[in-house]
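Novice: would you be able to build a 3D model of this:
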Amino acid sequence: MKILSAKPKKTKASAGVDGKIGITNDLTLDFSVNPDFGQVEADPSEVNLSGFETYYQEKRPFFIEGKNILSFTLTPGNNGSSLDNLFYTRRIGRNYQRDMDDFDYVDSPDNTTILGAFKLSGKTKNGLSIGIIESVTQRETAKAVLGDVKSTEVVEPFTNYFVGRLQKDIDKGNTRIGGMFTATNRDLNDPDLKFLPQSAYTGGLDFDHSWKNKTYNLSLKAVFSLVQGDSSAITRLQRSSVRYFQRPDANYVSLDSSRTRLAGNGGIISFSKLGKGHWKYQTWINWRSPGLELNDVGYLRRTDDIFQVIWVGYHYWKPFSIFREINVNFNQWTGWDFGGNSTYKGGNVNFSNQFKNYWYFNCGINIDLNNIDNSILRGGPSMKIPGGWNYWFSVATDQRKKFTADAYTSAYYGFDDWTTNYNYGFDLSYKPWDALSITVNPDFSINKSGLQYIDTENFGTSKRYILGSIDQNTLCLSLRLDYCLTPNLTLQYYGQPFIATGKYTSLKRITDPKNNNYRKSYQLYNNRQLSYNADDNIFTIDENEDGTIDYSFDNPDFKYLDFISNLVLRWEYIPGSTIYLVWSQNRSDSFDNGRFYPDTDMKNVFRLFPKNIFLIKFSYRFRA
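Specialist: Numbers count the residues shown, from 1 in each chain. Below is the predicted model of the structure:
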């Protein structure tokens, strides 16, 4: 293991103002100038090997309050389970977006500074819900070194975010109509930031109607987007993992490097019966056109998708035998892209119940049929992927007790043995008295896949899409403690050591991505073609075996060790006024060794050089 050198100590002081004003009995104005969220719990560790952006839950109090009013998801009704949303609060104060990998050393801010924000939210007596957020984030710079040259580089521009949401209840809430509009505008005077859109606008309209005492429901939503900027910014959006317009076999979209605008739409139509009787059902279809773009102030995982679902459920709520209640659900789904290709299909059956002793049990089985994956080759052609099946189950003890336990497991088996995945974990919670709560959550997963993307390389005028078989292991242990010493003095702790490793074998290039037999879709590199350069930690390929290196790529093996810790002492010394004492620690490093040694790796996590942050936050509430 390499030893990290100590970094110089830094001391920083800042001041801000937070406020809350009751505009009326129904509407509240929250404002914040130079807010600090140092007391907020760190995000959990993750290794993301997909081409898609990781979604993180919001934890900052300013954005959590009234979040339901400002939500506009692409799911039926007001279902907030969808990640796709016109407003993703983590965009405000996000990490900087400029790629600084070409520099030898970068000292950069962890996230962009929120100069100021205000939020107007509430619901009037006549059923009008209002949510408005206006925020400005700072232009951020980083100190960079390239060779012997030191420089200060702009990594994020001044940005203005606006989000507005209205929704009106009619007929005692049986009917709701509403709309939402967002705007993102950036100051892009620096040429190094032209890869970002100059402006981005999204909007949506929704209609929700229930009848027969809310037994039946019809829900309609429509969204649109318009993004404008330099041609390099729009080209970047076209090539991103959200859409991959450069796919060589996609004849219904095309990459246009001269475009300065990108527009799209999406929506959903849903009908359901969710009340009266034991049987319930729901069906919906939603779509996201290839040009839809929400990611400036919203979240959108992928476009070019039409998704159809039928769900039927049976709920028996009368106690009998050993059961208090039982639920059985059946699901069927199908997906297409905008070229008319059937991209995925499947279904599942799941069962959940509560016993008379208040224990819970649920289980299910799922099947995915063979599908066409438009993203597995990261901009390359679509590829036929075998489906698979999986099961899951969990059991939980009586949640009313001082000690509770929840154990879970799941497994996925790909057809033709193309992949297997296992996950095991449990939650243990102990609450010896009302003031103290302790929770421990170990989790372990194993992923073995024969089709893990590594790189794309040029070979003459052709592209080579390189994949490998991966043996991936992930182990984490979360500990959470909440202790209320007095009604005004609380102590909170969260810590998580994390280990993730990946070992690649059977390196291959895709030769026939549409072959119905996935084993005939690739060609393995033989020992004459494949060589490993230990000094540079790269693989070199002599594909035509003429003694000349045709292309190379980095060794994809990895080991990632991480420990995050957050200790917060909160004292409300007078009502509404608070002092926070915070100690945050992070230990992390990565290595090119993909072997998994849990005992040694866990010890090595705590041998890494720590980054400590000590913070004192003081707030005082002025009273009118």
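Novice: which of the residues in stretch 485-497 are buried?
Specialist: By neighbour count, with 16 or more other Cβ atoms under 10 Å as the criterion, the buried positions of stretch 485-497 are 490-497. From N, CA and C alone the C-beta is placed, and that goes for glycine too.
Novice: contacts for stretch 341-358 next, please.
Specialist: Counting contacts by Cβ atoms under 8 Å, 6 or more residues apart in numbering, the residues outside stretch 341-358 that touch it are 305, 319, 322-337, 360-369, 371-374, 382, 387, 398-400.
Novice: please redo it, this time with the cut-off set to 6 Å
Specialist: When contacts are defined by Cβ atoms under 6 Å, 6 or more residues apart in numbering, stretch 341-358 is touched by residues 322-337, 360-369, 371-372, 398.
Novice: element containing the spatially most central residue of the chain?
Specialist: When Cα atoms, centre = their mean is applied to the chain, the residue found nearest the centroid is Y55 (1.3 Å). Secondary structure from DSSP states H and E places Y55 outside every helix and strand.
Novice: ok, now which ones touch T409?
Specialist: Taking Cβ under 6 Å, 6+ apart, we find T409 in contact with Y424.
Novice: centre of the chain to the host helix or strand of it, how far?
Specialist: Element membership of T409, judged by DSSP H and E, is strand 403-414. The gap between where strand 403-414 is centred and where its chain is centred comes out at 21 Å by Cα atoms, centre = their mean, to the nearest Å.
Novice: parallel or antiparallel, which strands does that strand pair with?
Specialist: The sheet places strand 403-414 alongside strand 388-396 (antiparallel), strand 419-433 (antiparallel), with pairing taken from DSSP bridges.
Novice: which one of those is the most hemmed in?
Specialist: Burial of these is given as mean neighbour count (mean count of other Cβ atoms under 10 Å); strand 388-396 ranks first at a mean of 17.
Novice: what's stretch 275-286 in contact with?
Specialist: Residues outside stretch 275-286 that contact it (Cβ under 6 Å, 6+ apart): 74, 76, 214-215, 268-274, 307-316.
Novice: derive a ChimeraX selection command for the buried subset of these.
Specialist: In ChimeraX, the members of the contacts of stretch 275-286 classed as buried (16+ other Cβ under 10 Å) are selected with the following command:
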select :74,76,268,270,272,273,307,309,311,313
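Novice: and the pLDDT for D18?
Specialist: Here, the pLDDT recorded for D18 equals 79.
Novice: tell me the contacts of it?
Specialist: By Cβ under 6 Å, 6+ apart, D18 lies in contact with S32.
Novice: SS state for it?
Specialist: Of the three states, D18 takes strand under DSSP: H, G, I helix; E, B strand; the rest coil.
Novice: tell me the bridge partners for it.
Specialist: Note on D18: beta-bridge partners by DSSP bridges are S32.
Novice: how far away is it from F37?
Specialist: 11 Å (Cβ to Cβ, to the nearest Å).
Novice: pLDDT weak spots in the chain?
Specialist: Low-confidence regions of the chain, defined by pLDDT under 70, span residues 1-14, 38, 77-82, 623-624.
Novice: can you map out the helices along it?
Specialist: Using DSSP state H, the helices of the chain run over residues 61-64, 231-239, 598-605.
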